[in-house]
Structure formats: C-alpha cells, structure tokens
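Novice: What follows is a predicted structure for the sequence shown.
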Amino acid sequence: MSTDVRSILVRAARVEARRDGSRTIEAEHVLLALAGEHDTAAAQLLADAGLTEDAIRSALNREWEQSLAVAGIEVRAGSLPQATPEQGRDPQIGESTKLVLHRAMDAAPKPGAGRIGPMRVLVGLLATERGRVARALDVAGVDRAALRARATEALAAGTR
C-alpha cells in the first residue's frame with residue numbers, strides 16, 4: 001500500500017471519518033489513519049508513545065466526555081449507539097485537516113519533488129497546539145512536545 005498523503009487522507013482517514021459518521025475528515029481521523037499504517041515509521045513512533053489505534057480511540061472518547069462535562073453534560077462514549085455512516089456520501093477534507101496539511105508543508109526540511117509521507121503528516125499533526133487531537137493526546141498522558149521533537153528529528157533524518 002502506498003503511504004503518501006493521498007493514501008492517508010483519501011483512503012484511511014476517510015474510512016475513519018465514515019466510521020465516525022462524520023461529514024468531514026478531521027485531524028483525529030488523520031491521527032487514527034497514521035496509527036493504522038502499521039508498516040510506517042510514523043505508526044511505529046506513535047506506538048512507541050503508547051498511541052495504538054485502540055489507545056487513540058480511547059483517548060478521543062475520554063476527551064469527548066471531558067469536553068461535554070465542561071458544558072455540564074455527562075455522557076459515556078461506550079453507552080451511545082454506533083454512528084451510522086451516511087451511504088453514498090464521501091467525507092470531505094475538514095478545516096483541521098487542512099491546517100495539518102499546511103503545517104506539514106511548512107515543516108523543515110522542505111519537501112522536494114517527492115510525495116508527502118506519513119512522518120511529515122505526523123509532524124503537521126503534532127504542530128497543532130489546540131484542538132481535539134491536542135486535547136486527546138494530553139488526556140492520554142503523551143508528552144506532545146517530546147513526540148513532536150522525535151518526529152521532527154526523524155523527518156530531518158530523511159524518514160518519510
């Protein structure tokens with residue numbers, strides 16, 4: 001399987017968005033897609049930080065519960081029915097994913113004529129200080145700055 005940005009976003013993250021019942025592919029779907037690309041250095045870096053697909057889903061559920069609790073709504077993610085994907089509609093790229101892509105493109109070293117790979121996408125994801133992914137990683141107890149530093153070093157060393 002190709003692991004360029006098209007593969008991650010158009011295939012894997014779109015599957016995650018559909019599973020979520022989302023009309024848009026957001027940063028959390030990209031994170032899950034990266035973790036699911038098991039044969040990549042980005043997925044291994046996430047796994048080394050304890051961020052498997054299951055751990056990410058759990059952190060996203062806890063983040064969602066905590067966010068609702070701030071508004072005075074108590075809900076347990078596991079007690080809700082599964083989302084029903086909308087048939088015939090492909091989720092489109094959402095604003096948080098567009099931001100991730102901009103940050104990935106800005107990450108040093110600048111890409112040449114080659115494709116944007118999973119590590120660059122991961123660096124773009126980890127460059128986001130706010131939003132659902134940042135909150136979920138905090139809930140998971142991940143040192144986002146250290147993880148970003150490791151991803152940036154891997155990218156600088158030529159890891160796609």
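Specialist: Great, that's in hand.
Novice: tell me, what residue is most central in the chain?
Specialist: Centroid-nearest residue in the chain, with Cα atoms, centre = their mean: Leu31, separated by 1.5 Å.
Novice: Pull the contacting residues for Tyr53.
Specialist: Residue 53: Glu, not Tyr. Contact analysis of Glu53 by Cβ atoms under 8 Å, 6 or more residues apart in numbering lists Leu32, Ala35, Gly36. Every C-beta, even on glycine, is put in place using the N, C-alpha and C of the backbone.
Novice: hmm, back to that, element containing the residue nearest to the centre of the chain, please.
Specialist: Using DSSP states H and E, Leu31 sits within helix 27-36.
Novice: Return the list of helices and strands in contact with that helix.
Specialist: Counting contacts by 3 or more Cβ pairs under 8 Å, 6 or more residues apart in numbering; DSSP states H and E, helix 27-36 packs against helix 14-20, helix 41-48, helix 53-70, helix 95-106, helix 118-126, helix 132-139.
Novice: List the pairing partners of whichever helix or strand comes after the first one within its sheet, with orientation.
Specialist: Right, helix 14-20. Downstream of helix 14-20, the next assigned helix or strand under DSSP H and E is strand 24-25. In the sheet, strand 24-25 lines up against strand 92-93 (parallel) (DSSP bridges).
Novice: what is the mean pLDDT for the strand it pairs with?
Specialist: The pLDDT scores in strand 92-93 average 92.
Novice: Over to stretch 32-40?
Specialist: Mean per-residue pLDDT for stretch 32-40: 94.
Novice: Now do it: everything it contacts.
Specialist: With Cβ under 8 Å, 6+ apart as the test, stretch 32-40 has contacts from 1, 3, 7-9, 11-13, 15-16, 42-43, 46-47, 51-53, 56-57, 117-119, 121-122, 125, 160.
Novice: List only those of these flagged as buried.
Specialist: The neighbour count (16 or more other Cβ atoms under 10 Å) marks 3, 7-9, 12-13, 15-16, 42-43, 46, 51, 53, 56-57, 117-119, 121-122, 125, 160 as buried among the contacts of stretch 32-40.
Novice: what comes up buried for the strand or helix carrying Leu147?
Specialist: Using DSSP H and E, the element containing Leu147 is helix 144-156. Using 16+ other Cβ under 10 Å as the test for burial, helix 144-156 gives Arg144, Leu147, Arg148, Arg150, Ala151, Thr152, Ala154, Leu155.
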